[in-house]
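Asks: Model the structure of this input:
(one chain, ligands or ions: 1)
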Amino acid sequence: MAFKERVFSGVQPTGNLHLGNYLGAITKFVALQDTYDCIYCVVDLHAITVWQDPPELKRTIREVTAAFIACGIDPKKQIIFNQSQVAEHAELAWVFNCVARLGWLNRMTQFKEKAGKDRENVSVGLYAYPNLMAADILVYRATHVPVGEDQKQHLELARDIAQKFNVDFAASIASNGYGDAFFPQPEPIIQGPATRVMSLRDGSKKMSKSEPSDYSRINLTDDADTIAQKVRKAKTDPEALPSEEEGLKPRPEADNLVGIYAALNNTTKAAVLSEFGGAQFSTFKMALVDLSVAKLGPIGSEMKKLVQDPVYIDSILADGSARASAIAGETMKAVKDIVGFVRRS
Ligand code: TYM
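Replies: Numbers count the residues shown, from 1 in each chain. Model (predicted):
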């Protein structure tokens, strides 16, 4: 069955948005809006799977919304909203809790990393998180999902859930007039030279919001001086840059910085190396500072301006939520019919 093409993705309002979020996800969100109908969500229900200070949560929901707009997503053409304003996400997640198997969730590496040794003490929500993520995507029957590399396994789970739902309820899907499949198989879009941006302090660790050292990441709200300092202090090795990509393989920090440069400049690692092969890091880092400040500076300033106007931000979220609800509501009506619930017409 052919599904209407639609893009969905989400970003958690926790901590600082950083260069990894920007290059791995948000730049893709911006590019895709030219060709697809897109729905971009501030996933606040996901955020509370670990403790969030309530006033800080409100602030970060608005900050991520500001980042979407400052990076160039058009809130009139596309839908920007926060997840908790559309109740169908949680409703479909419950149905998916009953479709997904414990064994599937037990394999999720992100849960293992986040729970660590203290498994007995983490929230049930953290464990069931991937089911909610599947619901986020499938409540819009989205076909394309731009994400960073770290979300690949969650996307595979969403595909498994869609498939099992379609198989388990095949007869009911057909008798309710939905053909041979109700949910599409959502395609991850994980492309380009920066699908996994690494920490600036340790090339073996992902750049992340939760890493205690602020020097490990470039935040979207960092000013020019801070960006310059962080790039200058980024860990490197004593060798000059190689001329071929192959030469980056055993050098994770060099590989990371070249990938960041390539992504910011909308080119490939090979093209960056053809320009900087043989150069010392001191030279390359100066160019990286200039490029980072040129690209991120205007975004940071626009974000700071936008968050001064919470009334405007909240109106974007209210408008987006209303439009998202209209789509999600239709899906949930159908799901209720398919599952066999009695509903108000
Ligand atoms: P979150 O909030 O951790 O990250 C948002 C997006 O940024 C990407 N990302 C990175 N990309 C490259 N390098 C990095 N170091 C890096 N760090 C983060 C993430 O892959 C993500 O695309 N579970 C999701 C949010 C979510 C979602 C969804 C995404 C909830 N429901 C439905 C897609 C569809 C998350 O925690 O992303």
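
Asks: Once you drop chain neighbours, what's closest to the residue of the stretch 201-345 of the chain found nearest the ligand?
Replies: Proximity of the stretch 201-345 of the chain to the ligand (CB to the nearest ligand atom) peaks at residue 207, 3.9 Å away. Placement of C-beta: from N, CA and C, glycine included. What sits nearest to residue 207 in space, not counting adjacent residues and going by CB to CB, 6 or more residues apart in numbering, is residue 20, at 3.9 Å.

Asks: isn't there a helix covering that neighbour?
Replies: Yes: with DSSP: H, G, I helix; E, B strand; the rest coil as the criterion, residue 20 is located in a helix.

Asks: which residue sits closest to the residue of the stretch 51-200 of the chain at minimum distance from the ligand in space, ignoring its chain neighbours?
Replies: Across the stretch 51-200 of the chain, no residue is closer to the ligand than residue 148, which sits at 2.3 Å (CB to the nearest ligand atom). Nearest residue to residue 148 in three dimensions, chain neighbours excluded: residue 24, at 3.0 Å (CB to CB, 6+ apart).

Asks: does the one you found count as helix, strand or coil?
Replies: Per three-state DSSP, the secondary structure class of residue 24 is helix.

Asks: Roughly how far does it sit from residue 68?
Replies: Residue 24 sits 15 Å away from residue 68, taking CB to CB, to the nearest Å as the criterion.

Asks: same check, this time on residue 246
Replies: Per CB to CB, residue 246 is found 37 Å from residue 68.

Asks: neighbour-wise, which of the two wins?
Replies: residue 68 (25 against 9; other CB atoms under 10 Å).

Asks: quick one: contacts for that one?
Replies: When contacts are counted by CB atoms under 8 Å, 6 or more residues apart in numbering, residue 68 touches 11, 26, 29, 40, 42, 75, 80.

Asks: Okay, now the unreliable bits of the stretch 51-200 of the chain?
Replies: Residues of the stretch 51-200 of the chain meeting the criterion pLDDT under 70: none.

Asks: how about the helices in it?
Replies: 54-71, 88-97, 102-106, 109-115, 124-138, 152-168, 170-175 (DSSP state H, counting those that start in this stretch).

Asks: just those helices: most buried one?
Replies: Neighbour counts (mean count of other CB atoms under 10 Å) averaged over each of the helices of the stretch 51-200 of the chain peak at helix 124-138, with a mean of 22.

Asks: contact partners of that one?
Replies: Defining contact as CB under 8 Å, 6+ apart, one finds that helix 124-138 is touched by 8, 10, 41, 43, 45-46, 48-50, 83, 89-93, 95-97, 100, 105, 108, 110-111, 114-115, 145, 154, 157-158, 161-162, 183-184, 186, 331.

Asks: Check whether that helix comes near the ligand.
Replies: Yes: residues of helix 124-138 contacting the ligand under CB under 6 Å from any ligand atom: 133, 136, 137.

Asks: Can you tell me the element residue 324 falls in?
Replies: Using DSSP states H and E, residue 324 maps to helix 310-339.

Asks: Quick check: buried residues in that helix?
Replies: Across helix 310-339, burial judged by 16 or more other CB atoms under 10 Å covers 313, 316-317, 320-321, 324-325, 327-328, 331-332, 334-335, 337-338.

Asks: what does stretch 186-206 give?
Replies: Under the neighbour-count criterion of 16+ other CB under 10 Å, stretch 186-206 has 186, 188-190, 192-203, 206 buried.

Asks: Quick one: end-to-end distance for that stretch.
Replies: Taking CA to CA, to the nearest Å, stretch 186-206 runs 25 Å from one end to the other.

Asks: do stretch 258-278 as well
Replies: Start-to-end, stretch 258-278 (CA to CA) is 13 Å.

Asks: cool, stretch 71-78 as well?
Replies: 13 Å.

Asks: gap between that stretch and the chain center?
Replies: Taking CA atoms, centre = their mean, to the nearest Å, one finds the center of stretch 71-78 at 16 Å from the center of the full chain.

Asks: So it, near the ligand or not?
Replies: No: residues of stretch 71-78 are not located near the ligand by CB under 6 Å from any ligand atom, the shortest gap being 12.2 Å.

Asks: Show residues contacting that stretch.
Replies: Under CB under 8 Å, 6+ apart, the answer for stretch 71-78 is 22, 26-27, 29-30, 33, 37-40, 68-69, 80, 299, 316, 319-320.

Asks: The same query, at a cut-off of 6 Å, please.
Replies: Residues outside stretch 71-78 that contact it (CB atoms under 6 Å, 6 or more residues apart in numbering) are 26, 29, 30, 33, 38, 299, 316.
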